[in-house]
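Novice: quick one, what's the 3D model for this:
(chains A and B)
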Amino acid sequence: MSKTIEEINEKIKSGKAVVLNAEEIIDFAQEHGIKKTAKTVDVVTTATFGPMCSSGAFLNFGHSDPPIRMTKVWLNDVPAYTGIAAVDAYIGATELKDFFDIGKPNDMSYGGAHVIQDLIDKKPVKLKALSYGTDCYPRREIETFITLETINQAFLFNPRNAYQNYGAATNSSNKTIYTYMGKLLPNYGNVTYSTSSQLSPLLNDPYYRTIGIGTKIFLGGGVGFVAWYGTQHNPQRQRLVNGTPIGAAGTIAVIGDLKKMNSKYLKAAVFHNYGVTMYVGIGIPIPVIDEEMVDFLRVKDEDIFTEIHDYSVQRRNKPSLGKVNYQQLRSGFIFIKGKKVPTGCLSSYKVALEIADLLKSWIKNGKFLLTNMVEPLPAEQKVNVLNVLTEDEL
Amino acid sequence: MITKRIVLTFPEKIVTKPITYRLVKDFDLQFNILRAEITKDVEGKILLEIKGSKEKIEEGINYLKNEGISIQDASKDIIFDKEKCINCGFCPSLCITNALVMDQKTHELIFDKNKCILCGFCENSCPMDAIKLKI
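Specialist: Modelled structure (predicted):
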């Protein structure tokens, strides 16, 4: 018994589609069995809301009179990249105000993610740009204010989001360290992790059978698309029998209209002594195309494992302290070397659940139809490392 | 008699010295260890509540400083901004008195101020800046 996306969409349009979130499907499949679940349920909504540094937005400011070919641009004093056409720019989430002391920024409280959030909150943003001036673009300097309404296009384009699982972090050293995995206390004082686990999109479709390039998604409160496979996409990570990878694996690049987004689901964040990042809300509907899909979708926290890494080791490869599942991590503590260690999550399960339910209501109300992917995400892809070489050594 | 809450940070070499014993013996101070993170040969932290006369407390603190221990006043208050909180569940991993815990059913953060001993370990940890400590 299998269903096509077209058949599912017909049911959505006639208001007859059965939609569950990725948490509800667990008990439903347990109670009714895989066969009946595949027949009854049409769509399962998955979601995540966590810090995703590889995020940013393309903006087009419109032309001033006389016009300027922007060479350097700042938004609320945060630099944006403008090495593209005259008034196009990309503001990256982790960009900081450019006041550098000796190799260390002295203000980590406001960055690119805050600019993006201010824009979607409809706040005025100061735009400053410099140029060398050309015959066609004579202006050499501009300072003005913009809002999301006054500019032409504004779209989020995140090169790496929705990581399919990620390693947990701890600290074996004798001092507190501040990392992108949060504040880590000395002597295995805590363990942190970041995923919506059983709700997470790519953990519910571990072999990318339905999520691919072109898939329509919930992004930051609006609608977006999977634009490409994400940077560092690593589908060949070691997997369990249920298909879930142990640690960081697949990723997606996503795109969507910033003008339709909402700061409830796209939020700037600061990691002390690390920098600025952005919490991105992503929801992906998974069509229940067959029984095999139900088998993947019923995955629960205790079936998903990750590795614990020691972040006090300042190297690319951080030593592993063993594997742990997300039921253990969510319980509030785990044991490392016989010591009871409290756990903390960076990704918000509560907001992820909210997104999954919001997407569920969109689909139930016929406001959101499913899409066939245009191309699958690569099933084979190697992650390269960066070696320091001379040209001859390449 | 006054009561004062201080945070002691030890350099690793003096972790093994009996400094709290000296506080009692030489300065007649009563103390209560509210939190300690001490391991031999590493930097340690103690949240201490000391009780005694104003002069003796000052003398005791000067003694500690001379021993190479850095002293900080403990936080006087903690402000939790529920509006800013996204319920990620990070801060409970820093809280040993379980003043900050996740409700397993609602996935919401619960802050019980009565359990908080103002140790300050959750300081600089909230990505949404929802926790502020006042010194």
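
Novice: residue in chain A nearest to chain B?
Specialist: Closest residue of chain A to chain B, C-beta to the nearest C-beta: A:Gly344 (2.8 Å). For glycine as for every other residue, the C-beta is placed from the backbone atoms N, C-alpha and C.

Novice: tell me the confidence at B:Glu37?
Specialist: B:Glu37 is assigned a pLDDT of 67 by the prediction.

Novice: residues near residue 25, how many?
Specialist: This is for chain A. Here the count is done by other C-beta atoms under 10 Å in any protein chain shown, and A:Ile25 has 25 residues near it.

Novice: let me rephrase: I mean chain B.
Specialist: Applying other C-beta under 10 Å, we find 10 other residues in the vicinity of B:Lys25.

Novice: next one: it from chain A, what distance?
Specialist: Relative to chain A, B:Lys25 is positioned 29 Å away (C-beta to the nearest C-beta, to the nearest Å).

Novice: contacts for the one helix or strand that residue maps to?
Specialist: Secondary structure from DSSP states H and E places B:Lys25 in helix B:19-27. Contacts with helix B:19-27, where a contact means C-beta atoms under 8 Å, 6 or more residues apart in numbering or on different chains, come from B:29-31, B:33, B:48, B:50, B:52, B:56-57, B:59-60, B:63-64, B:67, B:69.

Novice: correct me, but the residue of chain A closest to chain B touches B:Cys95?
Specialist: No. The pair formed by A:Gly344 and B:Cys95 falls short of the contact definition of C-beta atoms under 8 Å, at 9.3 Å.

Novice: so the two - more neighbours on which side?
Specialist: A:Gly344 (28 against 22).

Novice: all helices for chain A, in order.
Specialist: Counting by DSSP state H, chain A has helices at residues A:5-13, A:24-40, A:112-120, A:201-204, A:291-297, A:326-330, A:349-364.

Novice: could I get the buried residue list for the fifth one?
Specialist: Across helix A:291-297, burial judged by 16 or more other C-beta atoms under 10 Å in any protein chain shown covers A:291, A:293-294, A:296-297.

Novice: against which helices or strands is the longest helix seen in chain B packed?
Specialist: Scanning chain B for the helix with the most residues, using DSSP H, yields helix B:54-66. Counting contacts by 3 or more C-beta pairs under 8 Å, 6 or more residues apart in numbering or on different chains; DSSP states H and E, the secondary-structure elements packed against helix B:54-66 are strand B:2-10, helix B:19-27, strand B:44-52, strand B:70-73.

Novice: next, the angle from it to strand B:44-52.
Specialist: 160 degrees (axes from the mean of the first three to the mean of the last three C-alpha atoms, to 10 degrees).

Novice: look up how far B:Gly68 lies from the closest residue to chain A within chain B.
Specialist: Distance from chain A to each residue of chain B (C-beta to the nearest C-beta) is smallest for B:Ser93, at 2.8 Å. According to C-beta to C-beta, to the nearest Å, B:Ser93 stands 30 Å off from B:Gly68.

Novice: and if you look at B:Cys85?
Specialist: Distance of B:Cys85 to B:Gly68, computed by C-beta to C-beta: 39 Å.

Novice: of these two, who's got more company?
Specialist: Higher neighbour count among B:Cys85 and B:Gly68: B:Cys85, with 18 against 12, using other C-beta under 10 Å.

Novice: for the more buried one, give its distance to A:Ile246.
Specialist: Shown here: B:Cys85 relative to A:Ile246, a distance of 31 Å by C-beta to C-beta.

Novice: centre-most residue in chain B?
Specialist: When C-alpha atoms, centre = their mean is applied to chain B, the residue found nearest the centroid is B:Cys119 (2.6 Å).

Novice: so that residue touches B:Ile46, yeah?
Specialist: No. The pair B:Cys119 and B:Ile46 does not pass the contact test of C-beta under 8 Å, sitting 9.8 Å apart.
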